[in-house]
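K.L.:
Have a look; sequence and predicted model below, questions after that.
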Amino acid sequence: RAKELGRNNLQVFTEEMADKAHEKLLKQAELRQAIAGQEFLLHFQPQVNIESGRVFAAEALLRWRHPERGMISPGDFIPLAEETGLIVPIGDWVLRAACRQCKAWHEAGLPLLIVSVNVSARQFRERNWAAHVAAVLAETGLEPRFLELELTESLIMQDVPGALATMHELKAIGVHLAIDDFGTGYSSLSALKRFPVRRLKIDRSFVEDIPGDVDDRAITAAIISLAQNLGLRVIAEGVETQAQVEFLRHSGCDEIQGYFFSRPLASADFEALLRQPGLNADGI
Ligand code: C2E
Ligand code: MG
Ligand code: MG
Ligand code: MG
C-alpha cells in the first residue's frame, strides 16, 4: 500500500514537472513569436522635478500586447525572458525604440526630455555592450546625454569590477546612469561611492508607506541624505499621494515619479501630455 502510494506520488510529481516544463516551452515560443511579430510596445512615465513640477524625463516601460491574452506587464514575462536569454534581443528592441521615440519628440519641437531605459543583467553583461549602446545612439541620432540607463544594485553587485568597467565606458560615451529600486539591494556604501552614477531611484516599497510608517520614513530620509552627501540626484518611485510629496519635498528629495503625477502612458498620450498648454516641461 505504502509502496503503491509512493509510486503514485512519484507519478503525479513527474507529470506536474512535465506540465511545468511544457508550459515553459510554450511561453518561450510565445516570447519568440512576440519578438518576431512585433507584439511589444513601450509606455512612458514622466519624471518630474519636485520643486518646479517640470517634466524632465520619460521612463520607457515595456508592454506586451498578446494577441489573445491582451496587455501583459513586464513582471509577468521578464523573469522568463531573463532565464532564457531572450531578454537580450528584447532589451535591444527596447533601447532602440526608446531612443528613436525620444529623438522623434525632440525633432517635433517638444521639450528636450531624457529617456530612461531599464537594463537587465544579461544585457549589461553582453560583450562590448557599451559600444553597442553607442551604435544604437548613432543609428537613431539621439545625443548620448539624453539617454539614462537604469541599473539595479544586484546587477552591479554580481560582478563589481566588471560592472564598473562597463559603467565607465558608458559614462565616457556621455550616457547617464541611475540605480533603480535603490534600497532593496545590498550595495555597500563604499562601493556606491565608486559607481559613476548620476541618480538614485528610491524603491517604491519604501515610498508606499510614507508618511505613516516610521521605518520607511527613516529609510527614505536616509537615502535622500546619502544621495545629497554623495552629490547624486535622487528620485522617488511610486509616488501616489500629496502626503508623500510633502514628506519627500520636506526631506529634500529632488524628483518624483508615480501615479500622483501620471501613470505610464502610450506614446501618443505622453506626447499629448507634453503638448498640454501650461505644462512645465523643458528637459535637462
Ligand atoms: P521599475 O523600473 O522600477 O519601474 C517602475 C514600475 O512601477 C513600473 O511597473 C511602473 O508602472 C510602476 N509604477 C510607477 N508609478 C507607480 C505608482 O505610483 N504606484 C504603483 N503601484 N506603481 C507605479 P511596470 O511597468 O509593470 O514595470 C515593472 C518592472 O519591470 C520595472 O520596474 C522594471 O524592473 C521592469 N521593466 C519594465 N520595462 C523593462 C524593460 O524594458 N527592460 C527590463 N529589463 N526591465 C523592464
Ligand atoms: Mg526603472
Ligand atoms: Mg524601480
Ligand atoms: Mg512597505
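P.N.:
Perfect, I can see it now. As the structure is a prediction and not an experimental result, all values here were calculated from the model. Numbering: from 1, shown residues only. Ligands and ions are numbered 1, 2, ... in the order given.

K.L.:
Apart from its neighbours in sequence, what residue is nearest the residue sitting nearest the centre point of the chain?
P.N.:
The residue lying closest to the centre of the chain (C-alpha atoms, centre = their mean) is Asn118, at 3.4 Å. Distances taken as C-beta to C-beta, 6 or more residues apart in numbering put Glu150 closest to Asn118, at 4.8 Å, once the chain neighbours are dropped. Bear in mind the C-beta positions are built from the backbone N, C-alpha and C, glycine included.

K.L.:
dump the residue contacts of the one you found.
P.N.:
59, 116-119, 178-180, 201 (C-beta atoms under 8 Å, 6 or more residues apart in numbering).

K.L.:
Give me the secondary structure label for it.
P.N.:
strand (DSSP: H, G, I helix; E, B strand; the rest coil).

K.L.:
Roughly how far does it sit from Glu107?
P.N.:
24 Å (C-beta to C-beta, to the nearest Å).

K.L.:
ok, now Phe77?
P.N.:
32 Å.

K.L.:
Mind checking which of the contacts of Glu150 land in strands?
P.N.:
59, 116-118, 178-180, 201 (DSSP state E).

K.L.:
Just the buried residues from the residues you listed, in PyMOL please.
P.N.:
In PyMOL, this line selects whichever of these come out buried by 16 or more other C-beta atoms under 10 Å:
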select buried, resi 59+116+117+118+178+179+180+201
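
K.L.:
which of the ones in strands among the contacts of Glu150 are close to ligand 2?
P.N.:
118, 180 (C-beta under 5 Å from the ion).

K.L.:
Which single one of the ones in strands among the contacts of Glu150 is nearest to ligand 4?
P.N.:
Proximity to ligand 4 was ranked across those by C-beta to the ion; first place goes to Lys201, at 15.8 Å.

K.L.:
and Glu169, what helix or strand is that in?
P.N.:
Assigned by DSSP states H and E, Glu169 belongs to helix 160-173.

K.L.:
Let me fix that, I meant to ask about Leu62.
P.N.:
Counting by DSSP H and E, Leu62 is part of strand 55-66.

K.L.:
just to revisit the earlier point, make CSV out of the ones in strands among the contacts of Glu150 and add distance to ligand 3.
P.N.:
Converted to CSV, those look like this (distance: C-beta to the ion, whole Å):
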residue, distance to ligand 3
Glu59, 9
Ser116, 11
Val117, 13
Asn118, 8
Ala178, 10
Ile179, 9
Asp180, 4
Lys201, 6
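
K.L.:
from the ones in strands among the contacts of Glu150, which is closest to ligand 1?
P.N.:
Asn118 (3.7 Å; C-beta to the nearest ligand atom).

K.L.:
Report the contact partners of the closest one.
P.N.:
59-62, 94, 150, 180.

K.L.:
could the residues you listed be laid out in a markdown table, adding pLDDT?
P.N.:
Formatted as a markdown table, the contacts of Asn118 follow (pLDDT from 0 to 100):
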| residue | pLDDT |
| --- | --- |
| Glu59 | 98 |
| Ala60 | 98 |
| Leu61 | 98 |
| Leu62 | 98 |
| Val94 | 98 |
| Glu150 | 98 |
| Asp180 | 96 |
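
K.L.:
what pLDDT, on average, does stretch 217-229 get?
P.N.:
For stretch 217-229, mean pLDDT is 95.

K.L.:
picking up where we left off before, list the beta-bridge partners for the residue nearest to Asn118.
P.N.:
Per DSSP bridges, the residues bridged to Glu150 are Asn118, Ala178.
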